[in-house]
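K.L.:
need a 3D model of the following:
(chains A and B)
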Amino acid sequence: MIAALVFIPALAGLAAFFLRPPAVRRGLLVGTALAHSILVVWAWAHRPVLAPDAWWGLDAAGLLFLSITSLLFLIAAVYGWGFLQQEAKPSPASLKEDFLFTNAPEAVFIGCLLLFLSAMTLVTVCRHLGLLWVAIEATTLASARLIYFHRHPRSLEATWKYLLVCSVGLALALLGNFFLGVAALTAGPERHSVGLEITPLLSHAASLQIPWLKASFILILVGYGTKMGLAPMHTWLPDAHSESPSLVSALLSGAVLNCAFLGVLRFYQICVAAGQAAFAQDLLVLLGIVSMGVAAVFILGQTDYKRLLAYSSVEHMGILALGVGLGGIGTYGSVFHALNHSLAKGMLFLVAGNFLTVYHSKNIPQVRGVIRRLPLSGWLWVAGFLALTGTPPFGPFFSEFTILRAAFEQRREGVAILYLSLLALIFIGMATAFLRMAQRAPDSDPQAGIERLPWCRQYPPALLGTLVLALGVYLPASLRSFLHEVAALLGGA
Amino acid sequence: MNIELLLVLIVLTNLRLLASGRLGAAIRTVALQGVLLAALPLMAHEPGHFWRAGALALGTMALKGIVFPWLLFRALREADVEREVNPYVGYFTSLLAGVLGLAVALRLSARLPGLPTTASPLLVPVAVFSILAGLLLIVGRRRAVSQVLGFLVLENGVYTFGVGVMREVSLLVEVAVLLDVLVAVFVMGIALFHINREFDHIDADRLSSLKD
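P.N.:
Purely as a prediction, here's the structure:
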């Protein structure tokens, strides 16, 4: 079954490169996404047993991130149907840029999108750290072509930065993998290497060489942290998120960052098993706070709404790192927050894509009165703002609050105060931008009518929004215990 | 050939790269480094794993020695730019930084605890030096092609460490890593082509309209 999850999108992706009729290709995209989701639902019903030395398998953490990825991809694929139809028409104005640009061939776009899904699936099911690295690198390579869909100098610049910064980060992560390999060289029975499979590493963690393990974790945190968008390694993130088509931004932010986070968590798991939790936690708390701080600085006064969302991703990745770093109940908060953030941010990026289509601008002052011109998208935008900034009754409020509780429970008032004040700063920055966009400009034309968008560009994000709200209003006991199971894997509560 | 000699040659290729002013010469140097690296698994392998080491050597030779340089030369030809490296950091300064980096690498490796017995005591310092040299090339050079070369040298350093120290990583993973790097260079090559077409140059420093 796991093989089907990985290979169906991969084969469909390869096929998409060669299919001629656009409708068939788009059908293939949505169909594959649907098949993938059905398989994931099936995996929930029949949780596969984890073989101890298999190279892939699904534990609770993998299943959680796999489900997020699959759901988000399905939504993005349905949205993509409308997006690609509209992009295929000759565009009247090219986003008010200085010059015209063309799009990359749709076949390449859909093919890469499906390969991207395959790579992300592989990340979530890997039980071998070497293979995990290969899969994370594969997500970078598959998504690079996606960012450069609009053949535009700025998206090219974003692609170049993304490729180079992430490749360098991942090269360091590979070194981190090798360091862990050295740490494990004499850890096995009769002083043999235990290799890089996660399960044996966990069971022999006590005999790992600690200095190498620590060095390995630092390299991994820098390497996968680059991909995850933790400051100060986040430099590629705002560019890539703002320049790529909106459904790609949604996937990058909601799914890929999580995949990299999972990579960090796998090594964190080993550190915990080796009794080095405190060391790893201190680093995570530090990077978490730094990320939130950097995000706050750039969110205040930001004039590009897609960059605003991108910096908000940096902030939320910081919150995830902070939650795990605090440990205990914070780990649960962090895992829950990963789910909340993916849904909310996915929705907001898709809605931002709708604004971009109607207003042809990413500039906040030029996009006014969204509630009037695009009622459903406009209200979703406001709801998304409330969700993302942790306002009750949306899901993120509860996860962020749990992390705050963890900080107080551990008597780390300094961290708690920093966390709260950064959240407040970010709230102010986001409120200025989001509410200004929602309101009509005083001198605007009152006759500006309602714009019509196809259903597939409005209801999929609305579904995500409903889910975020539902997670806050009522968290089913089964889901709660599942999230606790994930947290327990990571040594939390 | 002696493994120490091989490692010293790798160090020399790195220094040559730091000092070289022509893109063509730099690509050829990286190709030479790739060929040298291909010999490494043959010398560092454990007895009894000859076929594995041989396969890895062959793959390395094909990719690092032939395919990557070919891809880069093609990008360079299509870009049709002046062939100067045009660095931010001058050649002499780069070279000086490189020598300093070598000293740092030697000192750092001497202090690493509990290192398993490797084929040569020089292996780890050379790996660390390649990583440092790669980083230096990425930040110190203006041309996008040079940055790709820097990435390759960085990757070569990680590879040196992997082959020399970790002798039990399975072949499948090593091949997958090589393939990933291949695709990376390929995708970067495509990006280079587009950068050239879009901007009429391949200077990464003029890719600077995105900032806050």
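
K.L.:
please count neighbours and contacts with C-alpha atoms only from this point.
P.N.:
OK.

K.L.:
any part of stretch A:310-320 near chain B?
P.N.:
No: shown here: stretch A:310-320 not in contact with chain B (Cα under 8 Å from any Cα of the partner chain), separated by at least 11.0 Å.

K.L.:
distance from the chain centre to that stretch, please.
P.N.:
In terms of Cα atoms, centre = their mean, to the nearest Å, the centre of stretch A:310-320 is found 10 Å from the chain centre.

K.L.:
same thing with stretch A:398-418?
P.N.:
23 Å.

K.L.:
quick check: buried residues in it?
P.N.:
A:398-408, A:415-416 (16 or more other Cα atoms under 10 Å in any protein chain shown).

K.L.:
now the two most distant members of those.
P.N.:
Spatially, the most separated pair among the buried residues of stretch A:398-418 is A:F398 and A:V415, at 18.2 Å (Cα to Cα).

K.L.:
what number of residues lie near the nearest residue to A:C271 once chain neighbours are set aside?
P.N.:
Spatial nearest neighbour of A:C271, chain neighbours left out: A:A277 (5.7 Å); criterion: Cα to Cα, 6 or more residues apart in numbering or on different chains. Per other Cα atoms under 10 Å in any protein chain shown, the neighbour tally for A:A277 reads 18.

K.L.:
and if you look at the one 3 residues further on?
P.N.:
Summarising burial for A:A280: neighbours were counted as other Cα under 10 Å, giving 21.

K.L.:
so is the top helix by length along chain B next to chain A?
P.N.:
The residue-count maximum for a helix in chain B (DSSP state H) belongs to helix B:171-199. Yes: counting by Cα under 8 Å from any Cα, chain A is contacted by helix B:171-199 at B:173, B:176-177, B:180, B:183-184, B:187-188, B:191, B:194-195, B:198-199.

K.L.:
helix, strand, or coil at the nearest residue to B:V183 once chain neighbours are set aside?
P.N.:
Among residues not flanking B:V183 along the chain, A:L141 sits closest, at 7.2 Å (Cα to Cα, 6+ apart). Recorded secondary structure, A:L141: helix (DSSP: H, G, I helix; E, B strand; the rest coil).

K.L.:
what residues does A:L141 make contact with?
P.N.:
A:L163, B:V183, B:A184, B:V187 (Cα atoms under 8 Å, 6 or more residues apart in numbering or on different chains).

K.L.:
that one and A:Y224, how far apart?
P.N.:
15 Å (Cα to Cα, to the nearest Å).

K.L.:
repeat that for A:L287.
P.N.:
13 Å.

K.L.:
next: A:L251.
P.N.:
17 Å.

K.L.:
comparing those two, which residue is more hemmed in?
P.N.:
The residue with more neighbours, out of A:L251 and A:Y224, is A:Y224; 30 against 27, by other Cα under 10 Å.

K.L.:
and the closest residue to the more buried one other than its chain neighbours, what does it touch?
P.N.:
Spatial nearest neighbour of A:Y224, excluding adjacent residues (Cα to Cα, 6+ apart): A:A260 at 5.5 Å. Counting by Cα under 8 Å, 6+ apart, A:A260 makes contact with A:I136, A:Y224, A:G225, A:K227, A:M228.

K.L.:
and if we set it to 7 Å?
P.N.:
A:I136, A:Y224, A:K227, A:M228 (Cα atoms under 7 Å, 6 or more residues apart in numbering or on different chains).

K.L.:
helix or strand next in line after the helix or strand hosting the first one, which one?
P.N.:
Secondary structure assigned from DSSP states H and E places A:I136 in helix A:129-147. Using DSSP H and E, the helix or strand that directly follows helix A:129-147 along the chain is strand A:150-151.

K.L.:
any weak-confidence spans in the chain?
P.N.:
Since no chain was named, I'll use chain A. A:90-101, A:441-448 (pLDDT under 70).

K.L.:
hmm, no, I was thinking of chain B.
P.N.:
For chain B, the ranges with pLDDT under 70 are B:1, B:45-48, B:79-85, B:114, B:116-118, B:166-172, B:199-202, B:206.

K.L.:
repeat the analysis, applying 90 as the threshold.
P.N.:
B:1-4, B:19-24, B:38-60, B:62-64, B:67-68, B:71-94, B:108-124, B:138-148, B:159-212 (pLDDT under 90).

K.L.:
what does it have sitting close to chain A?
P.N.:
Neighbours of chain A within chain B, by Cα under 7 Å from any Cα of the partner chain: B:151, B:155, B:158, B:162, B:166, B:168-169, B:173, B:176-177, B:180, B:184, B:191, B:195, B:198, B:207, B:209-210.

K.L.:
now do the contacts for A:V370.
P.N.:
So A:V370 contacts A:G378, A:M437, A:A438 (Cα under 7 Å, 6+ apart).

K.L.:
give me the subset of those lying in helices.
P.N.:
Reading helices off the contacts of A:V370 with DSSP H, I get A:G378, A:M437, A:A438.

K.L.:
ok, so of those residues, who is nearest chain B?
P.N.:
A:M437 (20.2 Å; Cα to the nearest Cα).

K.L.:
check contacts around the closest residue to that closest one other than its chain neighbours.
P.N.:
The shortest distance from A:M437 to any non-neighbouring residue, by Cα to Cα, 6+ apart, is to A:R368 (4.5 Å). A:R368 makes contacts with A:R436, A:M437, A:A438, A:Q439, A:R440, A:A441, as judged by Cα under 7 Å, 6+ apart.

K.L.:
what is the nearest of those to B:G65?
P.N.:
When those are compared against B:G65 (criterion: Cα to Cα), the nearest one is A:M437, at 54.6 Å.

K.L.:
buried sites along the one helix or strand A:S291 maps to?
P.N.:
A:S291 is part of helix A:277-299 when elements are defined by DSSP H and E. By 16+ other Cα under 10 Å, the buried positions in helix A:277-299 come out as A:277, A:279-281, A:283-285, A:287-296, A:298-299.

K.L.:
which other residues reach that helix?
P.N.:
In contact with helix A:277-299 (Cα under 7 Å, 6+ apart) are residues A:230-231, A:268, A:271, A:308, A:311-312, A:314-315, A:318-319, A:321-322, A:325-326, A:422, A:425-426, A:429-430.

K.L.:
residue contacts, residue 129?
P.N.:
If you meant another chain, say so; for now it's chain A. A:L196, A:E197, A:I198.

K.L.:
should've been chain B
P.N.:
When contacts are taken as Cα under 7 Å, 6+ apart, B:F129 is in contact with B:G101, B:L102, B:A105.
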